[in-house]
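Undergrad: starting from these lines, generate the structure:
(one chain, ligands or ions: 2)
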Amino acid sequence: MAQSGVMKDDVQAATDHVVGLHDVSFSVEDGEIFVIMGLSGSGKSTAIRTVNRLHDVTAGSVEVDGTDVADLTKKELESFRRENMGMVFQHFALFPHHTVVDNVAYGLKVKGLVTEERRRLAYEALELVSLERYCQSFPRELSGGMQQRVGLARALAADLDILLMDEAFSALDPLIRRQMQDELLAMQGDLLHKTILFITHDLNEALRVGDRVCIMKDGAVVQIGTPEEILRDPATAYVAEFVKDVDQGRVLQVESVMTPPSPFTLGTTVGEALAKLGVKGSAFCIDDDGKPVGVVTRDLLTASHQAPVESVMRTEFGVTNRAALLVDAYELCASGDLVAVVDDRGALEGRIHALDLLAELGEIESKAEQVKTADLSDGKLRQ
Ligand SMILES: Nc1ncnc2c1ncn2[C@@H]1O[C@H](COP(=O)(O)OP(=O)(O)OP(=O)(O)O)[C@@H](O)[C@H]1O
Ligand SMILES: [Mg+2]
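TA: Ligands and ions are numbered 1, 2, ... in the order given. Here you go, the predicted structure:
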C-alpha cells in the first residue's frame, strides 16, 4: 500500500500496521556526522536500527562498507556489530555493581584484551568525556547526564569506525547538552574521525553537530542537506516550521555574510580614498603583508587631500575569521563599524557590516515564512 502511494495514517487505519519507513534513501560518508532529525514517531530510531539490523527491512537494502547487512548469518551479524559499530542510546543500562571504569571496559572484553589494557583504554575514553575522576565511582553515584557520558565513553573505548547515536544527548539539560555537543565536535575534529549517525528531535542540535542533516516525517525523508542548505532553503512547510525555531547565529558562519574587502593600501591619499568610497562608504587599510591596520570611514576624511589615509584612519576594529559562528560576531558588529575577517596568517580576506548580518538573518526568516505559507496554501501540511 505504501508503495502505491497510500499515506502512513491511511495504511494504519486500514490494516492496523504501522509503516516504519518508506522510500528512505541516504548514504553516510566516511568521517561524516550525519544527523537524522524529525518529530517523535517519524521513524528515526527505526532507521538507525536497520543499520546494525536490529530491524530487518522488508524492501530495499542497507549496506555498510560494501556489506549488505541482510546477507549476514546470525554469527556474522554478531561479529559485524562488535567489530564495526558502537552504539549510544538514550536509555542504556550501566551495570550497577561495576565501577564506572569497568563499565566502560566491559565492551572490550570480547576483544580478548587483558584486564590492564582494557582499563587503560577505558580510562582514556573517560578522559575524553571528562569523567576520569569518577572512574572508581559506581553508576548510582553519578548524575543522569554523567551516566550518559559513561555510555558515550563505552562506545568510544571500543574505538570502532562507526558510531550510532540515538538521542544520546536528549536527556541532558541544555547546558550539559551543549557541552557534550562541543566535546563531540572537538573530539571528532581532533582525533576521532568516526562516521557518526546521530539522531535527534532538536533541529538546533542537528544543525550544530551535523555535516549533513536528513529530516524525516511519517517514515519518509523530507529533505537532506547541509545545515546551511536546510536553513536557506527549507523544502517544505514542515522543515520551515523547524527552521523558524532555530538560532541561526549558532549555525551560520561568518563566511556566509562576509563580503569582499576592497581595501586601501598604505600610502593611499585622502583624496583617492574619497573618490573610491562613495557616500556612506568605509574600507579597511592593509599593510604590505595584507593585514588590516585600520578602518577608513568617510567622516574621517576631512584632512588635506594629499595626506595618507593612515594619518586619519581608526586603528581599533573588530577581527574575526570565516569559520567563526555569527553569534560570536554579534558583539563586534554592535558598534556598527566594519569587522575584519582575517585568514590564518592574519591577512584580510573579507569584511562584515552589521547591516549585512541583519539582512542575512532577516532573509532566512522571511524565506522560511514564504515556504510555510506557499506550502500551506498547497495543502501540503497535513497535520
Ligand atoms: N517495535 C515496534 N513495533 C511496531 N511499531 C513500532 C515499533 N517501534 C516503533 N514503531 C512505530 O514506528 C514508527 C516510528 O517509530 P520510531 O521509534 O522510529 O520513531 P522516532 O522517530 O525514533 O521517535 P522518537 O523521537 O519518539 O524516538 C512509529 O509510528 C511507531 O509507532
Ligand atoms: Mg526514537
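Undergrad: and Ser40, how far is that from ligand 1?
TA: 3 Å (C-beta to the nearest ligand atom, to the nearest Å). Every residue, glycine included, has its C-beta placed from N, CA and C.
Undergrad: same question, Ala70
TA: In terms of C-beta to the nearest ligand atom, Ala70 sits 19 Å off from ligand 1.
Undergrad: give the contact list for Gln148.
TA: Going by C-beta atoms under 8 Å, 6 or more residues apart in numbering, Gln148 touches 168-169, 171-172, 180.
Undergrad: repeat that for Ile196.
TA: Per C-beta under 8 Å, 6+ apart, neighbours of Ile196: 32-34, 162-165, 184, 188.
Undergrad: near ligand 1, which residues of the stretch 251-383 of the chain? Just list them.
TA: The stretch 251-383 of the chain comes close to ligand 1 at no residue, as judged by C-beta under 6 Å from any ligand atom.
Undergrad: and the strands in the stretch 251-383 of the chain?
TA: 264-265, 282-286, 292-297, 318-320, 339-342, 348-352 (DSSP state E, counting those that start in this stretch).
Undergrad: look at the residue nearest to Gly336 when sequence neighbours are not counted and say how many residues are nearby.
TA: With sequence-adjacent residues excluded and distances taken as C-beta to C-beta, 6 or more residues apart in numbering, Gly336 is closest to Ala354, at 5.4 Å. Residues near Ala354, counting by other C-beta atoms under 10 Å, number 18.
Undergrad: for Ala354, give its distance to Leu361.
TA: Using C-beta to C-beta, to the nearest Å, one obtains 11 Å as the distance from Ala354 to Leu361.
Undergrad: with Ala157 instead?
TA: Ala157 is 41 Å from Leu361, by C-beta to C-beta.
Undergrad: contacts only, for the spatially most central residue of the chain.
TA: Geometric centre of the chain, nearest residue: Val209, 2.2 Å, by C-alpha atoms, centre = their mean. Neighbour list for Val209: 33, 35, 181, 184-185, 198 [criterion: C-beta under 8 Å, 6+ apart].
Undergrad: and the contacts of stretch 234-252?
TA: Against stretch 234-252 from outside (C-beta under 8 Å, 6+ apart): 37, 203-204, 207-208, 215, 217, 222-223, 227-228, 230-231, 325-327, 330, 360-361, 364-365, 367-369, 371-372, 374-376, 380-381.
Undergrad: buried stuff in that stretch?
TA: Neighbour-count burial for stretch 234-252 flags 234-243, 246, 248, 251-252 (criterion: 16 or more other C-beta atoms under 10 Å).
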